[in-house]
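In: here is a sequence with its predicted model. Questions after.
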Protein chains: 2
Amino acid sequence: MIIGKKLRELREQKGLLLRQVAASLEVDTAYISKMERGEKNIKREFILKLAELYQTDKNQLITIWLADQVYDILKDETLAESALNIVKEHIQKRK
Amino acid sequence: MIIGKKLRELREQKGLLLRQVAASLEVDTAYISKMERGEKNIKREFILKLAELYQTDKNQLITIWLADQVYDILKDETLAESALNIVKEHIQKRK
DNA sequence: TTTTTACTTGTCACATTCAGTCAAATGTAA
DNA sequence: TTACATTTGACTGAATGTGACAAGTAAAAA
């Protein structure tokens, strides 16, 4: 959904190549490509490293990353909104 | 979180034993026990069958089931609320 | 045109996770 | 005790995920 797009934006803003990011995370170039295009899940660990590399706010990136995972569950669901409301209540009660 | 609790409530309201529900879904009794206590994920298919068995609203049950999955992702996250907001926007835009 | 550079795609080996079962353990009520 | 309901732990085969590698586009550069 959005985390991949965001990561690509950030990378391009910094003028980095996939190859360079891959080297920095010590993974294959293809792997980064797949992350950015949403073909592979991204581990929290990678998000944090990328936030550093791109000098961007970790929390903002993690938030988008979380939203992405939630969206994956709900994207084709008619009942998504009611589900979100239930979750919201529980989350707020939690505090 | 809640789907298991809900299922147990429904079963008890109907006065059914784990064994009977298990027979109806054609799985092991232990498996139903684990579902109700949140030790195992529940497949959509099972939720639908259980809604029938318990003569309850399918949509309501599916909604809780979805909420449960979302909550699993967010339960330990400080950033849960902001993530939810992002998802909400995207879901609403989708329509 | 050929070459080069960035990126994408398919396939594969390996690892990890998960579904669901079984048997044993625990609880509980008669 | 006996009998029945539920829980627990250990287990296996299947499904899924990770990440690499090599080959394939695509577009600009030479």
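Out: Okay, I see it.
In: what ranges does chain A have for its helices?
Out: With DSSP state H, the ranges of helices along chain A come out as A:3-13, A:18-25, A:29-36, A:44-53, A:58-74, A:80-94.
In: is DNA strand D contacted by stretch A:47-55?
Out: No. Using CB under 7 Å from any atom of the strand, stretch A:47-55 never reaches DNA strand D; the gap is at least 11.7 Å. Heads up, the C-betas are built off the backbone N, CA and C, glycines and all.
In: show me which residues of that stretch are buried.
Out: By neighbour count on 16 or more other CB atoms under 10 Å in any protein chain shown, the buried set for stretch A:47-55 is A:Ile47, A:Leu50, A:Ala51, A:Leu53, A:Tyr54.
In: also stretch A:70-77?
Out: A:Val70, A:Tyr71, A:Ile73, A:Leu74.
In: that older thread, need the helices of chain A in TSV with mean pLDDT and distance to B:Ile86, can you?
Out: Below are the helices of chain A laid out as TSV (pLDDT from 0 to 100; distance: least, CB to CB, whole Å):
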stretch	mean pLDDT	distance to B:Ile86
helix A:3-13	96	10
helix A:18-25	96	24
helix A:29-36	97	18
helix A:44-53	96	15
helix A:58-74	97	4
helix A:80-94	94	11
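In: dump the ones you listed into JSON lines; add distance to B:Lys14 as well.
Out: Shown next, in JSON lines, are the helices of chain A (distance: least, CB to CB, whole Å):
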{"stretch": "helix A:3-13", "distance to B:Lys14": "43"}
{"stretch": "helix A:18-25", "distance to B:Lys14": "53"}
{"stretch": "helix A:29-36", "distance to B:Lys14": "47"}
{"stretch": "helix A:44-53", "distance to B:Lys14": "42"}
{"stretch": "helix A:58-74", "distance to B:Lys14": "29"}
{"stretch": "helix A:80-94", "distance to B:Lys14": "23"}
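In: just send those back as CSV, with distance to DNA strand C too.
Out: Formatted as CSV, the helices of chain A follow (distance: least, CB to the nearest atom of the strand, whole Å):
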stretch, distance to DNA strand C
helix A:3-13, 7
helix A:18-25, 4
helix A:29-36, 3
helix A:44-53, 13
helix A:58-74, 13
helix A:80-94, 18
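In: so which of those helices gets nearest B:Glu89?
Out: Closest to B:Glu89 of these is helix A:58-74 (CB to CB; 9.0 Å).
In: whatever residue of chain A ends up closest to DNA strand D - how many residues pack around it?
Out: Here the residue of chain A nearest DNA strand D is A:Asp28; by CB to the nearest atom of the strand that distance is 3.0 Å. By other CB atoms under 10 Å in any protein chain shown, the residues close to A:Asp28 number 12.
In: cool, thanks, signing off.
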